[in-house]
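Colleague: no sequence on this one, just coordinates:
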């Protein structure tokens, strides 16, 4: 282990010990907000410190065995000491590799709930059907993960498709997984309406935003235009007789959010505000990082067929993630929400990239 890595780990261990002291401090335990912050920090540091102490133990074992070996004459003891040195040296290598991964900076939003927006893009009615399939895939993925899904705004089409769907997913680590779904999703299949069996290519776009608390994003009342209207169902039919649907326009950014799923105007406004906060939070993050003006725009792209993060080919029973060149031949399982293999590969690639930047 190089000196720089050892120094970092030593500082982490000192920070961990400090959290232990803070957790026994009456001043911290009496302040709920501060206590939550310290317990979160403690939980983040503990796995790193545990691994570092195992690494230190392995280093000590190698050193002590080497010292004994230099003075030992008994053949059996020499063999035992050599085996110990070999085994514990291998442990050190493995533990150092794990420590480097644990030290990779964690996305501070990973544990947050998410707001997901699925939209039909290029492809007409078939694109709307594909958007509905993507929505169902995420419903199943949410169930498999033990999280809960809450619709915020769903706009169905007359043919059983979706023009768009906005929904929240609640559960620890939801953003850490869903963020890999952001982008254009391309499908290649024969539509049900295709009489000659020709394969069509259609697109759906997915935007993923971490959900944030009101205290994390300030929205002033005079920056908002709040409009109410009658909720509409598929084909323009009215779903109720009151002006319960809400449309919010954020004047400084031009962001428009609509919600009509709830019967109450207040409930629709609350849901629309959640989406607006998430979009504004993402813009704030991008500005802090000095990156593009809106990651949401980058995520969804233009919706053109040439853009894609993933292709779902029904004829070949394959799903290809173009970001890492991964192909799996289990399309029905993926559409049933089994995204584990794809996500694990994406996480491994993301970690490797961050490790390369660290070195």
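Modeller: Everything's here; your move. Every value quoted in this text rests on a predicted model; they were computed, and no experiment measured them.
Colleague: which stretches of the stretch 251-359 of the chain form strands?
Modeller: In order along the chain, the stretch 251-359 of the chain carries the following strands (DSSP state E, counting those that start in this stretch): 255-259, 310-313, 318-321, 326-328.
Colleague: Let me know which of those is the nearest to residue 197.
Modeller: Each of the strands of the stretch 251-359 of the chain was checked against residue 197 via Cβ to Cβ, and the shortest separation belongs to strand 310-313, namely 15.1 Å. Using the backbone N, CA and C atoms, a C-beta is placed for each residue, glycine as well.
Colleague: Quick one: mean pLDDT for the closest one?
Modeller: With pLDDT averaged residue by residue, strand 310-313 scores 96.
Colleague: which neighbours does that strand have in its sheet, and in what orientation?
Modeller: strand 183-189 (parallel), strand 318-321 (antiparallel) (DSSP bridges).
Colleague: Give me the buried positions along stretch 141-148.
Modeller: Within stretch 141-148, the residues that count as buried by 16 or more other Cβ atoms under 10 Å are 141, 142, 145, 147.
Colleague: One more: stretch 151-168?
Modeller: Using 16+ other Cβ under 10 Å as the burial criterion, the residues of stretch 151-168 that qualify are 152-157, 161-168.
Colleague: Mind putting the strands of the stretch 251-359 of the chain into TSV with mean neighbour count and distance to residue 272?
Modeller: Rendered in TSV, the data for those read as follows (neighbours: other Cβ atoms under 10 Å; distance: least, Cβ to Cβ, whole Å):
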stretch	mean neighbour count	distance to residue 272
strand 255-259	19	4
strand 310-313	20	29
strand 318-321	20	32
strand 326-328	15	37
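Colleague: Could you verify my assumption that residue 269 touches residue 248?
Modeller: Yes - under the criterion of Cβ atoms under 8 Å, residue 269 lies in contact with residue 248, with a separation of 7.4 Å.
Colleague: so what sits against both of those two?
Modeller: The contact sets of residue 269 and residue 248 overlap at residue 226 (Cβ atoms under 8 Å, 6 or more residues apart in numbering).
Colleague: what's the next secondary structure element after the helix or strand where residue 83 lies?
Modeller: Under the criterion DSSP states H and E, the helix or strand holding residue 83 is helix 75-102. On the C-terminal side of helix 75-102, the nearest following helix or strand under DSSP H and E is strand 114-120.
Colleague: In the stretch 51-200 of the chain, where is pLDDT below threshold?
Modeller: Per-residue confidence for the stretch 51-200 of the chain (pLDDT under 70) gives these ranges: 193, 195.
Colleague: Could you pick out the longest strand of this structure?
Modeller: Under DSSP state E, the strand in the chain containing the largest number of residues is strand 200-210.
Colleague: returning to that earlier point: next, format the strands of the stretch 251-359 of the chain as a markdown table and append distance to residue 62.
Modeller: A markdown table is the format used below for the strands of the stretch 251-359 of the chain (distance: least, Cβ to Cβ, whole Å):
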| stretch | distance to residue 62 |
| --- | --- |
| strand 255-259 | 58 |
| strand 310-313 | 46 |
| strand 318-321 | 41 |
| strand 326-328 | 38 |
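Colleague: least reliable of the ones you listed going by mean pLDDT?
Modeller: strand 255-259 (a mean of 88).
Colleague: Other residues contacting that one?
Modeller: By Cβ under 8 Å, 6+ apart, the list of residues contacting strand 255-259 reads 152-153, 166, 245-250, 268-269, 271-273, 275-276, 279-280.
Colleague: give me that answer again for 7 Å
Modeller: 152-153, 245-249, 268, 271-272, 275-276, 279 (Cβ atoms under 7 Å, 6 or more residues apart in numbering).
Colleague: Kindly report the same for stretch 48-55.
Modeller: Residues from elsewhere that reach stretch 48-55, judged by Cβ under 7 Å, 6+ apart: 9, 12, 13, 16, 92, 95, 96, 98, 99, 102, 103.
Colleague: Leaving out the residues flanking it, which one is nearest to residue 68?
Modeller: Once its chain neighbours are removed from consideration, residue 68 has its nearest residue in residue 81; the separation is 5.7 Å (Cβ to Cβ, 6 or more residues apart in numbering).
Colleague: same check, this time on residue 280
Modeller: Once chain neighbours are set aside, the closest to residue 280 by Cβ to Cβ, 6+ apart is residue 217, at 5.0 Å.
Colleague: Distance check, the one you found against residue 172.
Modeller: Distance, residue 217 to residue 172, using Cβ to Cβ, to the nearest Å: 21 Å.
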